[in-house]
Every structure is written in structure tokens, then in C-alpha cells.
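J.: Okay, sequence plus prediction incoming.
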Amino acid sequence: MWGVVDDSAEDPMSELWGLFKSDDDVSWQHKALCSQTDPEAFFPEKGGSTRDAKQVCARCEVREQCLQWAIEHDERFGIWGGLSERERRRYKKEHKERA
């Protein structure tokens, strides 16, 4: 059907599993302190405080990996690597100018 799945395969769905698999190594996420914290702190409402999330990020051992992932994937919402969306845009712009 649609030229994606080989209908003669014993398990046609097995061919689809690789289509959505990420090539990124996200094993760092298991060490992230935010995974053990209330996620609402990292996605505050507009005008809400980011202080609690940033305090968690400041103690996190994978902060750099988190920030890099958010920048590479153009993450537009939430606190990632200790930076808000606006701060990540500024960071990205400053580092692009240096390159």
C-alpha cells in the first residue's frame, strides 16, 4: 500500500519501525534532573516565572547536552539547558555571529 510496505513480508509493520527512529543520542535525558521534577515548572505560562526551572537546570549534570539538543532541534517552548526560548534565540544568534 502506498509503496512503503512490502506486502509479501511476513510482518509488514516491521519495515516501518525505522522510519520514525531518531538518530540522536538522547541517553543524557535519563540523567536530567527535570525528568524527576514537575514538568510544569519547565513550561510556564506566558509571563510566568522561570526561576524554579532554572534553579533545577543550574544543578543538572547534563545541562550542556540539553541546551545543545534544544538549539539543534529549534525547540521553541519551555526551559532547556537553563535558558528560555528568548534566551536560546539570543544565544544562537550570538554564536552564529562568532562562527
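T.: Right, received. Where do you want to start? This one's a predicted model, so the numbers in the text were calculated from it and none came from an experiment.
J.: where's residue 74 relative to residue 37, distance?
T.: As for residue 74, its distance to residue 37 is 24 Å (criterion: C-beta to C-beta, to the nearest Å). Just so you know, the C-beta spots here come from the backbone N, C-alpha and C atoms, and that holds for glycine as well.
J.: Now do the helices in the protein.
T.: Assigned helices in the chain, in chain order: 51-58, 63-72, 85-98 (criterion: DSSP state H).
J.: Make JSON lines out of those helices and add mean pLDDT, mean neighbour count and distance to residue 79.
T.: Supplementary listing: the helices of the chain in JSON lines, determined by pLDDT from 0 to 100; neighbours: other C-beta atoms under 10 Å; distance: least, C-beta to C-beta, whole Å:
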{"stretch": "helix 51-58", "mean pLDDT": "96", "mean neighbour count": "17", "distance to residue 79": "4"}
{"stretch": "helix 63-72", "mean pLDDT": "94", "mean neighbour count": "17", "distance to residue 79": "9"}
{"stretch": "helix 85-98", "mean pLDDT": "89", "mean neighbour count": "12", "distance to residue 79": "9"}
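J.: looking at those, which is closest to residue 43?
T.: Between residue 43 and the helices of the chain, the shortest gap by C-beta to C-beta is with helix 51-58, which sits at 8.4 Å.
J.: which residues touch that closest one?
T.: 33-34, 37, 41-42, 44, 63, 66, 78-79, 81-82 (C-beta atoms under 8 Å, 6 or more residues apart in numbering).
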